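Trainee: Quick one: sequence and predicted model below, then my questions.
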Amino acid sequence: MKSGEMARLTQFVENEVIQAFATYATIVVLKMMLMSVTTSYFRLTRKAFDNPEDTASFGKGENAKKFLRTHPDVDRVRRCHLNDLENIVPFFGIGLLYALSGPELSSALLHFRIFTACRILHTFAYLIPLPQPSRGLSWAIGYVVTFSMAYNVMKSVLYL
């Protein structure tokens, strides 16, 4: 790598908006990954499995088959995890484009912090569960934040 290329890369990494995005994207991706562990925990504690091989430690034959079942708590965690996938993946892509589009740091931080807080609140609202409209509002506000970033990207770099 040439020294000029290295200098550009260093400027990119030292950009405060990119650093902010990396921080909040990491938080929500780790939160989403934690949902896999939470699903496993609920499966084990509720003894509710989808696959026959997962029931092997509980016996064989008919005894193991009774653990091939659904459980409302496991289903709730899985729906929360699916909702994370439907919202965090777009945030990651659009948020990166937004960070690269050169927004003001204060605006970027506002977007990233609101989205992150909404996803964390959404998880608590889903798993506890908290009464509606807490879950719906936390989802909707996070979704609006992602659309706001997308709008700002389109506004600043649109080439049609």
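Mentor: Perfect, I can see it now.
Trainee: which element is the residue most central in space within the chain on?
Mentor: By CA atoms, centre = their mean, the chain has its centre lying nearest to I88, at 3.6 Å. Element membership for I88 (DSSP states H and E) is helix 72-100.
Trainee: Going C-terminal from the helix or strand of the chain with the lowest mean pLDDT, what's the next secondary structure element?
Mentor: The least trusted helix or strand in the chain, going by mean pLDDT, DSSP states H and E, turns out to be helix 3-14, with a mean of 61. Downstream of helix 3-14, the first helix or strand assigned by DSSP H and E is helix 16-46.
Trainee: So for the following helix or strand past that next one, mean pLDDT?
Mentor: Proceeding N to C from helix 16-46, the next assigned helix or strand is helix 62-65, under DSSP H and E. For helix 62-65, mean pLDDT is 78.
Trainee: Name the residues of helix 62-65 that are buried.
Mentor: Within helix 62-65, the residues scored as buried using 16 or more other CB atoms under 10 Å are A64. Just so you know, the C-beta spots here come from the backbone N, C-alpha and C atoms, and that holds for glycine as well.
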